Structures are given as structure tokens and as C-alpha cells.
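Trainee: got a sequence here, can you model it:
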Amino acid sequence: MSRDFYIVSIEPHVGIIIKICRAYTNSQEEFEDYYQEVCLQIWKSKDLFKEKSKWSTWVYRITLNVCLTNTKKKYKKVEEQTNGVYDTQSINNTAFADESLNLLYDAIKKLKETDRALILMYLEEKPYKEIAEVLGITPNNISVKILRIKQQLKVLLDGKIN
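Mentor: Numbering: from 1, shown residues only. Below you'll find the predicted structure:
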């Protein structure tokens, strides 16, 4: 991957890539692996981009797909190794040092995968039309889902996650 491609095509979207990867990982090491995989997949698929949507939507889709795929693989691998016992405790290091942010991410991780993606895009202030494009649902359905997700997060955060 060339440095120019990274600067022009990935760097403007680093914020959302970080947020999505952070929402699907439990450690700094895992986060870094996901982030690198996302960048690699964006580079590999650049020629498939048909400009039917914004580049930012394309980047979001790739990031989300990489995270969902890796999460499913990780869960399956851990489940096989532990006979179904899965430890979701966050590892405390520099990227995970802010306790209130950790609580928010822990709450977001309790949501269904599509709800996680939706709330992250909402927090990124993406337009409903773009969120609908990425998730394959109607823009009208977005506001109802966001309201329900906010209610779920409030309950989780008020109970300090469980």
C-alpha cells in the first residue's frame, strides 16, 4: 500500500475506522490487528469501488465487514478453545484507559451487531441516508432504531453494564 493512497483515501476516515474497530475489540493488540486488516482490505478493494456511493460509505462498509468477520472468527475460535466460555473483560492499556469511554464501548458491545454499527454511525453524525445505504434498511427505519438503541444504552449505562 502506498503512503499516498493511505494519506488520500484512508487518513480522512481514520476516526470512524478507529471507532468501529474499537467497538468490536477488547484489547489494544486486537484493535491494531483489526485496524491493519481494514486498511489492507480498503487497499485491496479500491478497484472495486464503482462510485455509486460516497468513498466514506465504502470505507465504512469495508470496516464494518472486516470487524464483523473477525469477530465471528474470534468468537468461534474462543468458543472451541473454551467449550463455550467467553471472557469479554477489557484489557486495560493506553487505548482503553478512559473508564467512561470503556463503559460506553462495553454498553455498545452488548448491542446486536447491526445496532452497534447503526449507533456508531449515528455518533459519527452520518446522515440517515448514508446509514441506510450501509446497513441496507430504509432511512425512515433509522430514527426508530436509534431511539430504541439509545434506550438500551441508557439502561445498560445506568446499571453500569452487566
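
Trainee: for residue 13, see how far away the residue sitting nearest the centre point of the chain is.
Mentor: Compute the mean C-alpha point of the chain, and by Cα atoms, centre = their mean the closest residue is residue 20, 2.4 Å away. Taking Cβ to Cβ, to the nearest Å as the measure, residue 20 and residue 13 are separated by 10 Å. C-beta coordinates here come from the backbone N, C-alpha and C atoms, glycine included.

Trainee: any residues in contact with both of the two?
Mentor: Common contact partners of residue 20 and residue 13 (Cβ atoms under 8 Å, 6 or more residues apart in numbering): residue 60.

Trainee: what sits against residue 117?
Mentor: 20, 64, 134, 135.

Trainee: quick one: the strands in this structure?
Mentor: Counting by DSSP state E, the chain forms no strands at all.

Trainee: you'd agree residue 68 is up against residue 112?
Mentor: No: contact criterion Cβ atoms under 8 Å: residue 68 and residue 112 do not qualify, at 11.3 Å.

Trainee: compare these two (neighbour count), which wins?
Mentor: Neighbour count, other Cβ atoms under 10 Å: between residue 68 and residue 112, residue 68 has more, with 16 against 10.

Trainee: can you count the residues close to the closest residue in space to that one that isn't next to it in sequence?
Mentor: Sequence neighbours aside, residue 113 is the residue nearest to residue 68 in space, at 5.9 Å (criterion: Cβ to Cβ, 6 or more residues apart in numbering). When neighbours are defined as other Cβ under 10 Å, residue 113 has 15 of them.

Trainee: ok, residue 113 touching residue 65?
Mentor: No: counting by Cβ under 8 Å, residue 113 does not reach residue 65; the two are 11.0 Å apart.

Trainee: buried ones in stretch 105-119?
Mentor: Of all the residues in stretch 105-119, those buried under the rule 16 or more other Cβ atoms under 10 Å are 105, 106, 107, 108, 109, 110, 111, 115, 116, 117, 118, 119.

Trainee: which two in the residues you listed are spaced the farthest apart?
Mentor: 106 and 118 (17.6 Å; Cβ to Cβ).

Trainee: for the residue nearest to residue 152 when sequence neighbours are not counted, give me its contacts.
Mentor: Nearest in space to residue 152, with sequence neighbours left out and distances taken as Cβ to Cβ, 6+ apart, is residue 111 at 6.4 Å. Applying Cβ under 8 Å, 6+ apart to residue 111 gives the contacts 119, 149, 152, 153.

Trainee: counting neighbours, what do you get for the second one?
Mentor: Spelled out, it's residue 149. Residue 149 has 19 nearby residues by other Cβ under 10 Å.
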